[in-house]
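Novice: Sequence and predicted model, in that order:
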Amino acid sequence: MLLRLLTFPVLGPLEGITWIGEQILDRANAELDDRENLQKRLLSLQLAFDLGDLSEEEFEAQEEELLLAIQALEDEENREYL
């Protein structure tokens, strides 16, 4: 404990920077998972419709929303590569 207190002025800022880096990495990974999550939600939506839990109108509205979100992610990815 005493060693930690003595080294805090030097290691404290480094630990803070490391924490910030980990937060940025976590956020980047979450964004990469967005597309996969949207596709999973689309499959879940299809299953709910097939089981009769959703009307055709509800299904079509939610499906369109998810497909537009997937398309927006793909468009964003394409713009980044150009």
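Specialist: Structure received. Here the structure is a predicted model, which means the values were calculated and not measured. Numbering: from 1, shown residues only.

Novice: Can you pull up the most central residue in the protein?
Specialist: residue 30 (3.2 Å; C-alpha atoms, centre = their mean).

Novice: Show me where the protein has its helices.
Specialist: Under the criterion DSSP state H, helices of the chain are mapped to 2-50, 56-81.

Novice: what packs against the shortest one?
Specialist: Other elements packing on helix 56-81 under the criterion 3 or more C-beta pairs under 8 Å, 6 or more residues apart in numbering; DSSP states H and E are helix 2-50. C-betas here are computed from N, CA, C, even on glycine.

Novice: what helices or strands is the helix it packs on leaning on?
Specialist: Checking 3+ C-beta pairs under 8 Å, 6+ apart, helix 2-50 ends up next to helix 56-81.

Novice: where does this structure have low pLDDT?
Specialist: 31-32, 81-82 (pLDDT under 70).

Novice: Could you rerun that using 50?
Specialist: Nowhere does the chain drop to pLDDT under 50.

Novice: Need the residue in it that's farthest from the chain's center.
Specialist: residue 2 (40.4 Å).

Novice: check contacts around it.
Specialist: If a contact means C-beta atoms under 8 Å, 6 or more residues apart in numbering, then residue 2 has no contacts.

Novice: can you check residue 4 too?
Specialist: residue 11.
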